[in-house]
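**Q** Kindly generate the corresponding structure for this input.
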Amino acid sequence: MMLRLLACLLLLLNVATAMARDWQVTPEGEALSVILEKAEAGDYVRLAPGTYAGPIQIDVPLVLDGQGKAHIKGNEIGSVIVVNATDVTVRGIKVTGSGSDGQNRDSGIVTAQSADRALIENNVLLGNLVGIDVHGTKDAMVRANKIEGRLDHRMNERGNGVYVWNAPGSKVVGNDIRYGRDGIFVNTSKQNEFIGNRMRDLRFAIHYMHANKSVVRNNISLGNHLGYAIMYSDDVVIEGNLSRNDRDHGIMLNYTNKSTILANIIEQGGEKCVFIYNAHKNSFRGNLFSQCQIGVHFTAGSERNSIVENAFVGNRTQVKYVGSKWLDWSVDGKGNYWSDHAAYDLDGNGIADAAYRPNDIMDHVLWTQPMAKSLLGSPAVQLIRWSQSAFPALLPGGVVDRHPLMQPVQPEIPEWEEF
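**A** Modelled structure (predicted):
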């Protein structure tokens, strides 16, 4: 009985495959929108080089292939390509001409809630308000697209490169995103993966809101206002990412808990390598925080985090923390590397023989009373700093690393690969 059933299924599959049509479409022929209305499930629609009028809708499972030389141009109203069916592939197409309505998220390509398992790959999306809107689509793949947003609005009024809303299981991999507002904006989703993307000249490279149990790995953020903003999210893995020359923060955790921040490089930032606000039970390990004004700034009760085996190199202020608690940043006899620690290691075990305290009494005074900066050169301030170095017990509390490392960690970030 089972063999007969299997044979019937194979027969039906072969019949369906045989009935699938391979459409060869040219710009001079019938309108693309009309052909897509005629197409049936399983069809392959190939576009010859040239420009095609949009907008278009895809309402059955098929492949729309521009072969790298076709251009679909919208009429600057609404979205250009709207995918409504499951198992649709859109590849190799230049897409321009979306509308400018931010409330309706006018986009180059939209995958709707009914478009599960959509594959959007190797497209070039230029000057649209939103590049790709993954809107309620489960298990979508957005891969190896080039997205350049608009520059004719204020930054906060521009659209995002890729917008992911309520799209569990969806992945955004290997895209090159520039201009617009945020590179990837994720809202109210879970179990997503954002891997190997390059993002430049944006507000935030990756912006999380209420997105749990997801992965942010091997991405590159260059010259944005902020690299990786993880907000109101739990169980996020942030691993192997690069933030370079981001103006405000490399990584920001805001109401983010139980997450792993592993082997990232945050360097040459304008303000803070890492800012932690009301975020708890997170693990920072094996990261390099280098050449920022502040290495790590944490506040709003964010003391319950593990920060160990990281390297703090060349930051003007390594740690900013105003609190009365003593926090030991070492675990099982290992702490972090500090470039400004005059360390010695007599027994040669790779662990400094003296503890490191990144802040002194005057740091606390200056952070709580900024007007006190006018007294920095006074003998009284110098006496206070000398007294604290001679008698560490005078400190009211703060960060202490009792087992500093003698050598910095150096994470390896994969080279960006052009698609």
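**Q** CA atoms for contacts and neighbours, from now on please.
**A** Noted.
**Q** In contact with the residue nearest to Q318 when sequence neighbours are not counted, which residues are there?
**A** Leaving out its chain neighbours, the residue that sits closest to Q318 by CA to CA, 6 or more residues apart in numbering is G295, at 4.5 Å. Applying CA atoms under 8 Å, 6 or more residues apart in numbering, we find G295 in contact with K272, C273, V274, F289, F312, N315, R316, T317, Q318, V319, K320.
**Q** can we see that at 6 Å?
**A** K272, C273, F289, N315, Q318, V319 (CA atoms under 6 Å, 6 or more residues apart in numbering).
**Q** Over to V88?
**A** By CA under 6 Å, 6+ apart, the neighbours of V88 are P61, L62, V63, A118.
**Q** Quick check: Y228 vs V142, distance?
**A** 19 Å (CA to CA, to the nearest Å).
**Q** Between these two, which has more neighbouring residues?
**A** More crowded of Y228 and V142, by other CA atoms under 10 Å: Y228, with 28 against 24.
**Q** Tell me if I'm right that that one and I251 touch.
**A** Yes - at 4.8 Å, Y228 counts as touching I251 under the criterion of CA atoms under 6 Å.
**Q** for the stretch 51-200 of the chain, what spans make up the helices?
**A** Assigned by DSSP state H, counting those that start in this stretch, the stretch 51-200 of the chain shows no helices.
**Q** what residue ranges in it are flagged as low confidence?
**A** In the prediction, the stretch 51-200 of the chain carries no residues with pLDDT under 70.
**Q** what pLDDT, on average, does whatever helix or strand I307 lives in get?
**A** Take DSSP states H and E as the rule and I307 turns out to sit in strand 306-308. The average pLDDT for strand 306-308 rounds to 96.
**Q** Could you do stretch 234-253 as well?
**A** 97.
**Q** Give me the phi and psi for V34.
**A** Backbone torsions of V34, given as degrees, to the nearest 10, read phi -70, psi -40.
**Q** got a list of what it touches?
**A** V34 neighbours (CA under 6 Å, 6+ apart): none.
**Q** Could you report the pLDDT at it?
**A** The model's pLDDT for V34 equals 95.
**Q** E415 too?
**A** Reading off the model, E415 has pLDDT 83.
**Q** where does the stretch 251-400 of the chain dip in pLDDT?
**A** In the stretch 251-400 of the chain the weaker segments, taking pLDDT under 70 as the threshold, are 360-378, 380-397.
**Q** show me where it has helices.
**A** With DSSP H, counting those that start in this stretch as the criterion, the stretch 251-400 of the chain has helices spanning 361-368, 379-390.
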